[in-house]
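Peer 1: Sequence first, predicted coordinates after that:
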Amino acid sequence: MIENDGAAEFEVVVWGASGFTGKIVVSYLLETYGCDPEKLRWAIAGRDETKLKSVQRELGAEAVPLLLADSRDRSALDQLVSQTDVILSTVGPYALYGSELVAACAEAGVHYCDLTGEVQWMRLMIDAHHETAQQSGAKIVHTCGFDSIPSDMGVFYLQQQSMAAFNQYMPTVRYRLAAAAGGVSGGTIASMLNMMDEVAQDSSIAEVLSDPYALNPVNTVTGRDTNESAAPIYDEVLGQWAGPFVMAAINTRVVRRSHALAGMPYGPGFSYGEASLVGEGVRGYLKALMAGITTGLGTALAALPPIRKLLARLLPKPGEGPSPEKQAAGFFEVRLHGTSDEGDQRQIQVRVTGDRDPGYGGTAKMIAESAVCLAKEAKFGPGGVLTPSVAMGDLLIQRLVANAGLSFEVVKAD
């Protein structure tokens with residue numbers, strides 16, 4: 001195993017610092033760690049020197065070192081990777097621009113984290129680089145933003161609290177988005193449209209996306225979960241109706257991979273699902289029904305090439321997104337509940353909250369602290385294409401609570 005020995009010039013390099021989310025990450029690191037090498041040795045990187053220097057001037061970050069490379073120039077990426085302990089990448093769509101960088105990190109034993117929600121690309125990276133990263137000691141950690149920190153770390157936290165309270169894990173866990181406010185970025189839209197383009201060109205990708213255990217290690221036992229339903233769900237624990245949650249198809253697969261990589265401690269039949277709470281009674285049911293119809297219709301229309309082209313023209317473009325004021329005014333609240341087998345009747349509920357809009361202000365803080373955690377507390381240990389909870393566990397929760405405005409708390413345990 002080749003573990004990075006700490007001799008690198010930088011602890012963290014932000015790749016894609018001139019992009020919409022990259023700039024928010026740089027602003028957060030500057031505010032939290034400044035340019036003090038005693039706190040954090042970090043740099044910004046990308047392929048366009050003019051844009052990067054503009055970011056430095058705009059944010060007052062002239063003292064932050066600047067590195068250059070091109071995402072399709074492997075030798076330049078190898079040189080970039082050799083200078084750091086961790087690469088933090090905000091450059092998407094990752095299926096278009098991220099593969100060579102992941103390969104470089106996996107081979108060099110350098111940790112890596114990103115914000116992808118592209119399940120088909122994550123499966124490709126697992127197949128191509130998991131064994132290499134295990135041998136080199138590199139921790140390749142996808143989905144370090146709102147996809148899928150609240151989900152993956154929320155389940156991890158719930159199960160740790162369940163073990164502390166009941167000396168057992170919960171075989172069934174449900175995630176409910178209770179409330180959120182924020183905006184949509186053009187980069188996210190571009191990733192989603194690119195994924196649909198890939199499906200249209202390669203039918204095997206549709207098979208990956210339709211598999212609820214798409215990210216699990218090959219030949220591992222699967223559980224009892226099926227694909228997410230658009231039908232209304234009545235959550236008996238919380239007493240509300242729930243409709244589809246747009247990120248469920250990503251988050252559920254990440255949580256299931258975490259469980260498999262950890263050795264299936266919650267049992268081979270562990271079940272996990274996600275949905276959005278919409279309200280009580282008849283009104284709540286109708287809202288959940290309408291959300292399901294809208295989601296299904298939107299997905300069907302977006303599968304048509306002419307509609308995708310129209311959406312690409314009408315919706316925000318890469319580099320566009322919510323204003324700083326909207327980011328600051330945003331928030332999210334997630335409720336997770338775990339239940340034991342029917343004969344036991346035990347239950348635990350936890351709440352995960354964030355103090356910025358989930359997609360950008362909150363996400364930027366989550367990935368920044370993930371990168372710092374990988375560079376410092378979680379630097380050593382087994383490598384591979386991992387998940388946030390497997391790669392960092394409690395160490396990441398501590399950082400998110402201390403620095404990133406997140407909270408994890410038990411609401412009920414009985």
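Peer 2: The structure has been received and is ready for your questions. Please read all numbers here as calculations on a predicted model, not as lab measurements. Residues are numbered from 1 along each chain as shown.

Peer 1: C-alpha coordinates for the helix or strand containing Ala249, PDB please?
Peer 2: Using DSSP states H and E, Ala249 sits in helix 248-261. Only the C-alpha atoms of helix 248-261 are listed here, as PDB (Å, rounded to 0.1, in the frame of the first residue of the first chain):
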ATOM      1  CA  ALA A 248     -33.200   9.500  -3.900                       C
ATOM      2  CA  ALA A 249     -31.900   7.600  -6.800                       C
ATOM      3  CA  ILE A 250     -28.400   8.700  -6.000                       C
ATOM      4  CA  ASN A 251     -28.500   8.800  -2.200                       C
ATOM      5  CA  THR A 252     -30.000   5.400  -1.700                       C
ATOM      6  CA  ARG A 253     -27.400   3.700  -3.800                       C
ATOM      7  CA  VAL A 254     -24.600   5.400  -1.900                       C
ATOM      8  CA  VAL A 255     -26.000   4.300   1.500                       C
ATOM      9  CA  ARG A 256     -26.400   0.800   0.200                       C
ATOM     10  CA  ARG A 257     -22.700   0.800  -1.000                       C
ATOM     11  CA  SER A 258     -21.700   2.100   2.500                       C
ATOM     12  CA  HIS A 259     -23.500  -0.800   4.100                       C
ATOM     13  CA  ALA A 260     -21.900  -3.400   1.800                       C
ATOM     14  CA  LEU A 261     -18.400  -1.900   2.200                       C
END
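
Peer 1: Which secondary structure state does Tyr175 sit in?
Peer 2: Classification of Tyr175 by DSSP: H, G, I helix; E, B strand; the rest coil places it in strand.

Peer 1: Just confirm it contacts Leu336, I think it does.
Peer 2: Yes. Tyr175 is in contact with Leu336 according to C-beta atoms under 8 Å; the separation is 5.1 Å. The C-beta positions use only the backbone N, C-alpha and C, and glycine is treated the same way.

Peer 1: any idea how far Ser370 is from the most centrally placed residue in the chain?
Peer 2: In the chain, the C-alpha nearest the mean C-alpha coordinate belongs to Thr143, at 2.3 Å (C-alpha atoms, centre = their mean). Thr143 is 10 Å from Ser370, where distance means C-beta to C-beta, to the nearest Å.

Peer 1: Identify the contacts common to those two.
Peer 2: Counting by C-beta atoms under 8 Å, 6 or more residues apart in numbering, the residues touching both Thr143 and Ser370 are Ile149, Pro388.

Peer 1: Can you show me the strands along the chain?
Peer 2: Using DSSP state E, the strands of the chain run over 10-15, 42-46, 66-68, 84-89, 111-113, 139-141, 172-181, 233-235, 240-243, 271-279, 331-339, 347-354, 384-386, 407-413.

Peer 1: Deepest-packed of those strands, please.
Peer 2: Highest mean neighbour count of these: strand 111-113, a mean of 30 (counted as mean count of other C-beta atoms under 10 Å).

Peer 1: The closest residue to Glu58 other than its chain neighbours: neighbour count?
Peer 2: Nearest non-adjacent residue to Glu58, counting by C-beta to C-beta, 6 or more residues apart in numbering: Lys23, 7.7 Å away. By the criterion of other C-beta atoms under 10 Å, Lys23 has 24 neighbours.

Peer 1: just to revisit the earlier point, how about the strands of the chain, which one is nearest Tyr28?
Peer 2: Distance to Tyr28, taken as C-beta to C-beta, is lowest for strand 10-15 among the strands of the chain, at 10.0 Å.

Peer 1: Does anything pack onto the closest one? Which helices or strands?
Peer 2: Counting contacts by 3 or more C-beta pairs under 8 Å, 6 or more residues apart in numbering; DSSP states H and E, strand 10-15 packs against helix 20-33, strand 42-46, strand 84-89, helix 363-375.

Peer 1: Parallel or antiparallel, which strands does it pair with?
Peer 2: According to DSSP bridges, strand 10-15 forms sheet pairs with strand 42-46 (parallel), strand 84-89 (parallel).

Peer 1: now those in CSV, with mean pLDDT and distance to Thr188?
Peer 2: Shown next, in CSV, are these (pLDDT from 0 to 100; distance: least, C-beta to C-beta, whole Å):
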stretch, mean pLDDT, distance to Thr188
strand 42-46, 98, 19
strand 84-89, 98, 15
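
Peer 1: Would you format the ones you listed as a markdown table with distance to Leu96 included?
Peer 2: What follows is the strands paired with strand 10-15, written out as a markdown table (distance: least, C-beta to C-beta, whole Å):
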| stretch | distance to Leu96 |
| --- | --- |
| strand 42-46 | 15 |
| strand 84-89 | 13 |
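
Peer 1: which stretch among these comes nearest Gln201?
Peer 2: Of the strands paired with strand 10-15, nearest to Gln201 by C-beta to C-beta is strand 84-89, at 24.2 Å.

Peer 1: ok and that closest one relative to helix 363-375, angle-wise?
Peer 2: Counting by axes from the mean of the first three to the mean of the last three C-alpha atoms, to 10 degrees, strand 84-89 lies at 160 degrees to helix 363-375.

Peer 1: Let me see the residues that make contact with strand 84-89.
Peer 2: Defining contact as C-beta under 8 Å, 6+ apart, one finds that strand 84-89 is touched by 4, 6, 8-16, 25, 43, 80-81, 98, 101, 105, 110-115, 367-368, 370-372, 374-375, 379.

Peer 1: what's the angle between it and helix 20-33?
Peer 2: 140 degrees.

Peer 1: And strand 84-89, how far out from the chain middle?
Peer 2: Taking C-alpha atoms, centre = their mean, to the nearest Å, the mean C-alpha location of strand 84-89 is offset from the chain mean by 16 Å.

Peer 1: where does the stretch 101-250 of the chain dip in pLDDT?
Peer 2: Across the stretch 101-250 of the chain, the ranges flagged by pLDDT under 70 are 184-187.

Peer 1: hey, C-alpha coordinates of the longest helix along the chain in CSV?
Peer 2: Ranked by number of residues, the top helix in the chain under DSSP state H is helix 281-302. In CSV, the C-alpha atoms belonging to helix 281-302 read as follows (Å, rounded to 0.1, in the frame of the first residue of the first chain):
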residue,chain,number,x,y,z
GLY,A,281,-54.6,14.4,5.5
VAL,A,282,-56.3,14.6,2.1
ARG,A,283,-54.3,17.7,1.2
GLY,A,284,-51.0,16.0,1.9
TYR,A,285,-52.1,13.0,-0.1
LEU,A,286,-53.0,15.1,-3.1
LYS,A,287,-49.7,17.0,-2.9
ALA,A,288,-47.8,13.8,-2.9
LEU,A,289,-49.9,12.5,-5.8
MET,A,290,-49.2,15.6,-7.8
ALA,A,291,-45.5,15.5,-7.0
GLY,A,292,-45.4,12.0,-8.3
ILE,A,293,-47.2,12.8,-11.5
THR,A,294,-45.0,15.9,-12.1
THR,A,295,-41.8,13.9,-11.5
GLY,A,296,-42.9,11.1,-13.8
LEU,A,297,-44.0,13.4,-16.6
GLY,A,298,-40.8,15.5,-16.3
THR,A,299,-38.6,12.5,-16.5
ALA,A,300,-40.5,11.1,-19.5
LEU,A,301,-40.3,14.5,-21.4
ALA,A,302,-36.6,15.0,-20.6
